[in-house]
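>>> sequence below, structure please.
(chains A, B and C)
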Amino acid sequence: MNENTGTLITIITEAPLEHTITRDIERLGAHGFTITDARGKGKRGLRDAGWDASSNIRIEVLCSSDIAEKIARRMKQRYYMNYAMVVYRQEVSVSRPEEF
Amino acid sequence: MNENTGTLITIITEAPLEHTITRDIERLGAHGFTITDARGKGKRGLRDAGWDASSNIRIEVLCSSDIAEKIARRMKQRYYMNYAMVVYRQEVSVSRPEEF
Amino acid sequence: MNENTGTLITIITEAPLEHTITRDIERLGAHGFTITDARGKGKRGLRDAGWDASSNIRIEVLCSSDIAEKIARRMKQRYYMNYAMVVYRQEVSVSRPEEF
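Prediction:
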């Protein structure tokens, strides 16, 4: 089966940021995203030393490594300072619909 | 700790396909699956050039690479043409209950 | 962008274990966790040969490989015998907030 490698970037952050972040993601060239509601516990922003249990979302984007890099950079610039946010990336094998 | 490598295959697709797909997965030899409700945005099927925000599910199956390959192939054959679907695979380290 | 490698450990298990397991995770030194509600089907515990469709949770922890190893070990010791549980680990690239 035809396969190619893609990058899966996952952003776990505060629920109220959903709209702003998905707009960022579309503008940076991603072709789609998936959101699941989550709850979590962690440090809230760099300014806050405390722990906080909160309503989170988990945003996943499957894209090229270039776009994933741009998304990660944007998240860092705009949100890391003030919001609870974790961003990580993985290489995955994607079944390409184009090869159908 | 005893470990082995497994394949995690993730299928993100339209919610109404849940029953059909999980039946496919069981028939292809997987020992279980996990489903989370999601929402997303992306191209809906190969025939549709537009974007669509929709009710999605995220199905994860931890299995051998062989079974993952069969599942990916089946998804492509049966659903890619007409439904919104993304399928990707990753290698993961699995803690084996059998070694307990 | 500054990056480092982290381990993402995912625990899929029965919903009533949430509180006990997240306490384990904090005690073992993780800095946070994310939980999503899920449903699934699989073998329920080592003592049970049957299949069971149940209310599950999906717990994700992004941490060092050492802490992930400790968490995996603890899960095995305390829960594998009697509960439905799958634990797997992946290496991921993490965008470090510390480098901001």
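
>>> would you map the strands across chain A?
A:3-14, A:32-43, A:51-63, A:85-95 (DSSP state E).

>>> paired strands for the first one, with orientation please.
Strand A:3-14 has the following sheet partners, assigned by DSSP bridges: strand A:51-63 (antiparallel), strand A:85-95 (antiparallel).

>>> by mean pLDDT, show me the worst of these.
Within those, the stretch with the lowest mean pLDDT is strand A:51-63, showing a mean of 83.

>>> for chain B, what is the nearest residue in chain A?
Across chain A, no residue is closer to chain B than A:Gly32, which sits at 2.6 Å (CB to the nearest CB). Glycine gets a C-beta too; all of them are placed from N, C-alpha and C.

>>> what is whatever residue of chain A ends up closest to chain C paired to in the beta sheet?
Minimum separation of chain A from chain C (CB to the nearest CB) falls at A:Gly42, amounting to 2.7 Å. Beta-bridge pairing of A:Gly42 under DSSP bridges involves A:Asp52, C:Gly32.

>>> okay but it is in contact with A:Glu14, surely?
No. When contacts are counted by CB atoms under 8 Å, A:Gly42 is not listed as touching A:Glu14 (10.6 Å).

>>> overlap in contacts, the two.
A:Ala84 (CB atoms under 8 Å, 6 or more residues apart in numbering or on different chains).

>>> quick one, what contacts the residue nearest in space to the middle of chain A?
The residue lying closest to the centre of chain A (CA atoms, centre = their mean) is A:Ile11, at 2.8 Å. By CB under 8 Å, 6+ apart, the contact set of A:Ile11 is A:21, A:58-61, A:71, A:75, A:85-87.

>>> make JSON lines out of those residues and add neighbour count.
Putting those into JSON lines (neighbours: other CB atoms under 10 Å in any protein chain shown) gives the following:
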{"residue": "A:Ile21", "neighbour count": "24"}
{"residue": "A:Arg58", "neighbour count": "23"}
{"residue": "A:Ile59", "neighbour count": "23"}
{"residue": "A:Glu60", "neighbour count": "21"}
{"residue": "A:Val61", "neighbour count": "26"}
{"residue": "A:Ile71", "neighbour count": "27"}
{"residue": "A:Met75", "neighbour count": "24"}
{"residue": "A:Met85", "neighbour count": "24"}
{"residue": "A:Val86", "neighbour count": "25"}
{"residue": "A:Val87", "neighbour count": "26"}
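
>>> now the end-to-end length of stretch A:8-25.
Taking CA to CA, to the nearest Å as the measure, stretch A:8-25 stretches 13 Å from start to finish.

>>> buried ones in that stretch, by neighbour count?
Neighbour-count burial for stretch A:8-25, counted by 16 or more other CB atoms under 10 Å in any protein chain shown, picks out A:8-14, A:17, A:21-22, A:24-25.

>>> low pLDDT regions in chain A?
The model of chain A has pLDDT under 70 over residues A:1-2, A:43-54, A:96-100.

>>> for it, which helix extends over the most residues?
Taking DSSP state H as the criterion, chain A has its longest helix at helix A:65-78.

>>> what about that one and chain C, any contact?
Yes. Shown here: helix A:65-78 in contact with chain C (CB under 8 Å from any CB of the partner chain) through A:69, A:72-73, A:75-76.

>>> which among the residues you listed gets closest to B:Asn4?
The shortest gap between B:Asn4 and any of the residues of helix A:65-78 next to chain C belongs to A:Ala72, at 30.9 Å (CB to CB).

>>> residue contacts, that closest one?
Each residue near A:Ala72 by CB under 8 Å, 6+ apart is listed here: A:9, A:87, A:89, C:1, C:95.

>>> which strand residues bridge the nearest residue to the second one once chain neighbours are set aside?
Taking CB to CB, 6 or more residues apart in numbering or on different chains, and ignoring the residues beside it in sequence, A:Val87 has C:Ser95 as its nearest neighbour in space, at 4.4 Å. According to DSSP bridges, the partner residues bridging C:Ser95 are C:Glu3.
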